[in-house]
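Novice: Sequence and predicted structure below; questions after.
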Amino acid sequence: MVAAETVHPDAGFAGLAWIVALLPFVSAALTLFLGRRSPGKGSIYGIAALAAGLVLSLGVLGHFARSGPTAESSLEWFRIGALRMELGQYVDGLTAVMLVVVTTVSLCVHVYSLGYMHGDKRFTWFYVVLSLFTGAMLNVVIANNLFQLLVGWEVMGVCSYLLIGHWWEEHANSSAAIKAFITTRVGDIPFLFGIFALVYATGVRTSNIPQITEMAAKGHISTGWLTVAALLLFGGTIGKSAQFPLHVWLPDAMAGPTPVSALIHAATMVAAGVYLVGRMFEVFLKADPWVLTFVSTIAAITMLIAALLAMIQDDIKRVLAYSTVSQLAYMVAGLSLGEAGYTAGLFHLFTHAFFKALLFLGAGSVIHAVHTNNMSEMGGLKRFMPVTFWTFAIGSASLAGIPPFAGFWSKDEIISTAFHQGKYALWAVAALTAIITAFYMMRAMLLTFYGAYRGHGSPHESSGVVTGPLIALAALSCVVGFLNATAFNISAFTDWVHIGAVEHEPFNYGFAALSVLGALLGLGAGYGLYARWRDREPLRALGPGYTLLEHKYYLDDAYWYGIVRPIRDTVSAAVYWTNQYILDGVVNGAAWLARRVAGGVNEFDRNVVDGAVNGVGRTAGFTGGLLRYVQSGNVQRYAAFLFTGVIIAAIVVTRI
Amino acid sequence: MIRLPLALFFSAILFSAGVYGVLARRNAVLVLMSIELMLNAVNVNLVAFAQRLRDLNGQIFALFVIAVAAAEVGIGLAIVILIYRNRETINVDEVNLLKW
C-alpha cells in the first residue's frame, strides 16, 4: 500500500477518527483469540475498546463543535486502470455525530450484555460478533469511498445474521436470521449497482464520496445518471433501514437477544441506510425531483403502516420493532424534504438512537425479569422494577414526542418542515403517525407496568450492569434534544450537520403545541382503552381492520406465497430434476464410462502389456533355443566351428 | 635337399588329413591320432622353414612340440580310458556333456 496522507493540518482529533473504527475490530480479534482465558470471558476487550472509542469520538465532535475543518485521509489500496481504490476516512460533522452515537449505544449494549447474557453458553462469541458489528458500522460511518462503505455494510449484514440467530437451536430464530439476511440482501443488490452507476458516471475514476458528491453538486454528472444512482442507492436504504416493502425482516429480527435488537435498531444496521442517504445527499438533491417524491412516498407509507402494526402487537419487542420502522420512515421523510429537511432527518436519527436503545434495553430488562416477551403476561411491574419503569417511561415519552425529551425536538422539526415545504400529505401522515405512536407507547406502558401482575413467579429489578446503561441512556434521552432546540436558540446540531447554507428557522410555538396536543391525544386514547386491562384486546373492535393488521397486511403471506414459495418450489423442482436427470446422468455416465475404460484398460493390460512382456520372454526363449543347437556338447562340432573361424580369420587377414 | 614348396604341400596334406580326422572320426582314439597328425604337420613346417631360413629356432620349436605332443597324448589317452570306464564307449558323438 502506498501512503497518500492528505490530512488537513488542522484536522486535530478528526484525523484520528479511523482509530475509533479500528478499535472494535481489534477488540473482536482479541476476544476471539484470547476471550475464553481473559477476565470477564472476553467482554473487557469490547468494553475497553468502545470506552476508548467514545472518548475519541467526543474529541472528534469537540473538533467540529469548535467549527474545525473536515478531515480526509486515505491509503491507496490498489488501482484498476484509472480507478483508485482507497482505504480511508472522511470526517465531517455528520461522521462525528454518528461516531458518538454508535460508540455510546454500543458501549451501553456491551455493558448491559454483561448482565443480560450472563451464563450464556456462547457468551464470548456473542461479544466477538457484537464488537465486529460495531466496527463494521463505524467503518460505514468513516468510509471515504463507496467500496469501503459497502464492505462495512455487508459485514454488518453478516453480523446481524449471526446475532439474530445467536440462539439458533430454535428453528424460529435461525429462520428469522435467514430472513433478515436475505431481505436486506434484496436491497443490497440495487445498492451495489448504485455504486457501479456512480463510479461509472465519474468516468470510472473514483469511488471517493466527497469527490462524487462534489461532482454531483457542480453538475458534472448528468441528471439521468444521478436519478438512476439515487434510486438504486435508495434500494439499499429500503433493505437496510427496513422501509416498505422490505420492512418485514425487522420485526422478525426480534428473535435475537435483546441487546442485539437495541444495537441493530438504534445505532447500527438500520441507521446505516439513513446515514447512506445523508452521506450521498447531493446525489439525491441533483437527481430528478421525482426521486425525492418517491422517497417521501415510501417513507409516508412505511411510517403509517408500521405504526398501525405496532398498535396490536403483544410482544413488547415487536411493538418497539415496528416503532423503529416507523421512526426510520420519519428520518427518511425528513431527508426527502431536501435541504430543508436534511438536518431534521439526521437529527431524528441521532435522538432516536438514544431513546430507542433505551427502550429496547428497558424491554430486555423486563423480559429478563418475567421470562416472556408477551405483554399479556406482564403488568404491574412498576412496583417490582422502579428503575426500569422510570427509564422506560422517559424513553416512551421521548418516542411519543413529549417535550422536553429528545424525540419531541427532532420529530417536531420534521413535521413542521414538511408543512413549511408544502408537503401537506406527508405532513398529515406524519402527524397522524405521531398520534398513533403516542397511543401504542401508552398501551405498552400500561400493559407492562400498570395493573395487576399477570405472569408467573416474582419479578425483581435487574442488576447494576443492566440498570446502569438504562440510566445513562435515559439521561441522554433527556438532554440530547437540546442540541438543536430552536426554542432556546440552540442549534449546535445544525452547525455540525447541514447542507448548503444554515438557516435558523424561528421556533414555531403553534406547531409545537399542535404536536404536543397530538401526542397527548394519542396518550389519552391509549389510557382510555388500556387503563384497565381486560382479557379481550379492545382493538379487536376494529373487526376486519384488526384481522388485516394481525396478518401484517398479508405482506408476509404475499412474499411467502408470491415469491418465496414459487421460487423455492420452482427452484427445488428444477434442482430435483437437475439432480435426478442431469447430475445422476452425469454420475451414471461417468460410472459407465469408467467401467468401459476399465474394461479397455484390462484388455490392453492383458493383451498389449502382458503380450509385450510375454513376447519378449518368448522371443528370448526362441532365440535361445536356436542358439542351443550351436552348443551341442559335440566336441567335433566345436572343432568344426573353430576351424571355420580360423579359415575365415585367415582369409580376412590375408586379404588385408 | 627337399624344396620348401614340396615340404609345405606335404605339410598341408598332412594337416588336412588331421583336420578331417578330428572332425569326422567318431572314435576318440582316432581323434587323438588325428591331432597328432596336425601337430606333426606343423613340425614339418617348422623344420622346413628352419632349413630354408638357416635358423635353428624352428628345429628347437619342433623338438618342444614333440615333447608337448607326447605329454598331450598321455593325458588324452588317460581321459579316453576314464570316459570308457564311465560310459563304456569312446564314441565322441555320445560324449556330449559339454553343453548347457
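Specialist: Everything's here; your move.

Novice: Next, the residue of the stretch 401-550 of chain A found nearest chain B: secondary structure please.
Specialist: Nearest residue of the stretch 401-550 of chain A to chain B: A:Val465, at 101.9 Å (Cβ to the nearest Cβ). Every C-beta, even on glycine, is put in place using the N, C-alpha and C of the backbone. Of the three states, A:Val465 takes helix under DSSP: H, G, I helix; E, B strand; the rest coil.

Novice: B:Gly18 too?
Specialist: Of the three states, B:Gly18 takes helix according to three-state DSSP.

Novice: returning to that earlier point: verify the stated contact: the residue of the stretch 401-550 of chain A closest to chain B with A:Tyr112.
Specialist: Yes - counting by Cβ atoms under 8 Å, A:Val465 touches A:Tyr112, with 6.6 Å between them.

Novice: between these two, who's got more neighbours?
Specialist: The residue with more neighbours, out of A:Val465 and A:Tyr112, is A:Tyr112; 28 against 16, by other Cβ atoms under 10 Å in any protein chain shown.

Novice: Please, where are all the strands along chain A?
Specialist: Ranges of strands within chain A are A:2-4, A:71-80, A:83-91, based on DSSP state E.

Novice: Mean pLDDT lowest where, among those?
Specialist: For the strands of chain A, mean pLDDT drops lowest on strand A:2-4, to a mean of 38.

Novice: Determine the number of other residues adjacent to the residue of chain A found nearest chain B.
Specialist: Chain A approaches chain B most closely through A:Gly633 (3.1 Å), counting by Cβ to the nearest Cβ. For A:Gly633, the count of nearby residues is 13 (other Cβ under 10 Å).

Novice: Got the phi and psi for it?
Specialist: phi 90, psi 0 (degrees, to the nearest 10).

Novice: what mean pLDDT does stretch A:306-325 have?
Specialist: 85.

Novice: Could you pull out the buried residues of that stretch?
Specialist: Applying a neighbour-count criterion of 16 or more other Cβ atoms under 10 Å in any protein chain shown, one finds A:306-313, A:315-325 buried in stretch A:306-325.

Novice: State which helix of chain B is the longest.
Specialist: The residue-count maximum for a helix in chain B (DSSP state H) belongs to helix B:57-87.

Novice: Report pLDDT for A:Thr532.
Specialist: Actually, residue A:532 is Arg rather than Thr. pLDDT for A:Arg532: 67.

Novice: what does chain A have sitting close to chain B?
Specialist: Neighbours of chain B within chain A, by Cβ under 8 Å from any Cβ of the partner chain: A:Arg628, A:Gln631, A:Ser632, A:Gly633, A:Asn634, A:Val635, A:Gln636, A:Tyr638, A:Ala639, A:Ala640, A:Phe643.

Novice: of those residues, buried ones?
Specialist: Neighbour counting by 16+ other Cβ under 10 Å classes A:Asn634, A:Val635, A:Gln636, A:Ala639 among the residues of chain A next to chain B as buried.

Novice: now the last one: how far from B:Val80?
Specialist: With distances defined as Cβ to Cβ, to the nearest Å, the gap from A:Ala639 to B:Val80 amounts to 16 Å.

Novice: now the second one
Specialist: Shown here: A:Val635 relative to B:Val80, a distance of 12 Å by Cβ to Cβ.

Novice: Repeat that for the first one.
Specialist: Computed as Cβ to Cβ, the A:Asn634 to B:Val80 distance reads 16 Å.

Novice: Next: the third one.
Specialist: For A:Gln636, the distance to B:Val80 (Cβ to Cβ) stands at 14 Å.

Novice: What parts of chain B come near chain A?
Specialist: For chain B, the contact set with chain A under Cβ under 8 Å from any Cβ comprises B:19, B:22-24, B:31, B:92-93, B:95-100.

Novice: hang on, the earlier thing: who touches both of A:Val635 and B:Val80?
Specialist: Counting by Cβ atoms under 8 Å, 6 or more residues apart in numbering or on different chains, A:Val635 and B:Val80 have no shared contacts at all.

Novice: pretty sure A:Phe64 contacts A:Trp496?
Specialist: Yes - applying Cβ under 8 Å, one finds A:Phe64 in contact with A:Trp496, separated by 5.1 Å.

Novice: Need the residues touching each of the two.
Specialist: Common neighbours of A:Phe64 and A:Trp496, counting by Cβ under 8 Å, 6+ apart, are A:Gly93, A:Ala96.

Novice: quick one: contacts of stretch A:619-636?
Specialist: With Cβ under 8 Å, 6+ apart as the test, stretch A:619-636 has contacts from A:641, B:22-24, B:31, B:92-93, B:95-100.

Novice: Mean confidence (pLDDT) on it, please.
Specialist: Stretch A:619-636 comes out at a mean pLDDT of 82.

Novice: starting at the chain centroid, how far to it?
Specialist: Computed by Cα atoms, centre = their mean, to the nearest Å, the chain-centroid distance of stretch A:619-636 equals 92 Å.

Novice: Stretch B:60-74 now?
Specialist: The answer for stretch B:60-74 is 10 Å, by Cα atoms, centre = their mean.

Novice: can you dump the C-alpha coordinates of it into CSV?
Specialist: What follows is stretch B:60-74, C-alpha atoms only, in CSV (Å, rounded to 0.1, in the frame of the first residue of the first chain):
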residue,chain,number,x,y,z
ILE,B,60,64.1,-76.4,-31.4
PHE,B,61,60.4,-75.5,-31.6
ALA,B,62,59.8,-78.8,-33.3
LEU,B,63,61.5,-80.7,-30.6
PHE,B,64,59.4,-78.8,-28.0
VAL,B,65,56.2,-79.6,-29.9
ILE,B,66,57.1,-83.3,-30.0
ALA,B,67,57.6,-83.3,-26.2
VAL,B,68,54.4,-81.4,-25.6
ALA,B,69,52.6,-83.8,-28.0
ALA,B,70,53.9,-86.8,-26.1
ALA,B,71,52.5,-85.3,-22.9
GLU,B,72,49.3,-84.4,-24.6
VAL,B,73,48.7,-87.8,-25.9
GLY,B,74,49.4,-89.2,-22.4
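
Novice: tell me which residues in that stretch are buried?
Specialist: B:Phe61, B:Ala62, B:Val65, B:Ala69.

Novice: ok, now which ones touch residue 17?
Specialist: Looking at chain A here, since you left the chain open. A:Ala17 sits next to A:Leu56, A:Ser57, A:Val60, A:Ala71, A:Gln89, A:Val91, A:Thr95, A:Ala96, A:Leu99, A:Ile142 when contact means Cβ under 8 Å, 6+ apart.

Novice: wrong one, I was asking about chain B
Specialist: For B:Ala17, the contacting residues are B:Ser34, B:Leu37, by Cβ under 8 Å, 6+ apart.

Novice: how far away is it from B:Ala24?
Specialist: Distance, B:Ala17 to B:Ala24, by Cβ to Cβ: 10 Å.

Novice: what do you get for A:Thr391?
Specialist: The gap separating A:Thr391 from B:Ala24 is 136 Å, by Cβ to Cβ.

Novice: now the chain, which segments are flagged as low pLDDT?
Specialist: No chain in the question, so chain A it is. When residues are selected by pLDDT under 70, those of chain A lie in A:1-11, A:487, A:489, A:500-507, A:532-543, A:545.

Novice: was after chain B, sorry
Specialist: B:1, B:99-100.

Novice: Next, count neighbours for the nearest residue to A:Gly345 once chain neighbours are set aside.
Specialist: Nearest-residue entry for A:Gly345: A:Gly334, 2.7 Å, with adjacent residues in sequence omitted and distances by Cβ to Cβ, 6 or more residues apart in numbering or on different chains. If you count neighbours by other Cβ under 10 Å, A:Gly334 ends up with 33.

Novice: Verify the stated contact: A:Gly334 with A:Phe350.
Specialist: No - with contacts counted by Cβ under 8 Å, A:Gly334 stays clear of A:Phe350, the gap being 11.4 Å.
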